[in-house]
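Chemist: the sequence and its predicted three-dimensional model are supplied below.
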Amino acid sequence: MVEGATLLAGALEAGAEVETVFVDSSGTPPRPVAAVIERALDAGARVFPLAPGVLARVADTVSPQPVLAVVHTPRHGLEAVEGASFVVVLVDVRDPGNAGTVIRSADAAGADAVICCEGSVDPWNPKTVRSSAGSVLHLPVVSEVGVEEVMERIGAVGMGRLGAVARGGTPYTEVDWTGPVALLLGNEAGGLPAAVEAGLDGRTTIPMAGRAESLNVSMAASVLCFEVLRQRSNLPGMETGR
């Protein structure tokens, strides 16, 4: 489910299959809403006006947008890591807002894919889709796979398995991020499971000067993803954004 004209426009631009669009029929829709509805119609979507107040009862937000769409969920498997040079892996990340922000940061930093292991939030949760600002449709997002299978697969394709830990790891600015690497991020409270840490090729930490115990997982992901982009932006032929 995609709420709002901006997210719907992003879905259409990403080539997602928009099945149905529901529009609040109270008053004339604003020009951006009318424009994206027209685009959805041109793409083959069905559009239904809803009586005033109906959208507010079915939408997921407190202040619903005047347009809501049902979009077919893209399905990606672990073949997404074949030939990849940078992948972000979520292990037991359960907050939908955090997961969406991680996906958004990974997309912005040029990651090839994001993997949400079993135990993490559904990346197609409406709150995750919304907090990703549409990035969940911009790059392959793999879900419903076991972490053991993920660890084995990314190792088999030659990617380094680097885990983010609150303390004790190599400072992230001292890590060489220019080779093929998978960044593993753990639960907001507990970090990466011990079994996962045991299978890592390395650990990295974001040094902190204050008294905070750790960073929010989505903030840590943003810092680390953009360090990857910073280092790789100096490589020949490396683009600095999608």
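Modeler: That came in fine, so what should we check first?
Chemist: output the lowest mean pLDDT helix or strand found in the chain.
Modeler: Counting by mean pLDDT, DSSP states H and E, the chain has its least confident helix or strand at helix 54-58, which shows a mean of 79.
Chemist: who does it touch, helix- and strand-wise?
Modeler: The helices and strands touching helix 54-58, judged by 3 or more C-beta pairs under 8 Å, 6 or more residues apart in numbering; DSSP states H and E, are strand 18-24. All C-beta spots, glycine's among them, are computed from the backbone N, C-alpha and C.
Chemist: who touches the strand it packs on?
Modeler: Residues outside strand 18-24 that contact it (C-beta atoms under 8 Å, 6 or more residues apart in numbering): 2, 8, 11-12, 29, 33, 37, 40, 43-50, 52, 54-55, 58, 64, 66-72.
Chemist: got it, and stretch 162-178?
Modeler: 86, 181-186, 191-192, 196-197, 200-207, 213-214, 220-221, 223-224, 227-228, 231-232, 235.
Chemist: please apply the same query to stretch 212-223.
Modeler: Applying C-beta under 8 Å, 6+ apart, the external contacts of stretch 212-223 come out as 88, 93, 95, 97-99, 101-102, 105-106, 164, 166, 172, 183, 185-188, 206, 208.
Chemist: can you give me the neighbour number for residue 153?
Modeler: By other C-beta atoms under 10 Å, the residues close to residue 153 number 20.
Chemist: which element follows the least confident helix or strand of the chain toward the C-terminus?
Modeler: Later in the chain than helix 54-58, the nearest helix or strand by DSSP states H and E is strand 67-71.
Chemist: quick one: the residue at minimal distance from the centre of the chain from residue 90, how far?
Modeler: Compute the mean C-alpha point of the chain, and by C-alpha atoms, centre = their mean the closest residue is residue 103, 1.8 Å away. The spacing between residue 103 and residue 90, counted by C-beta to C-beta, to the nearest Å, is 9 Å.
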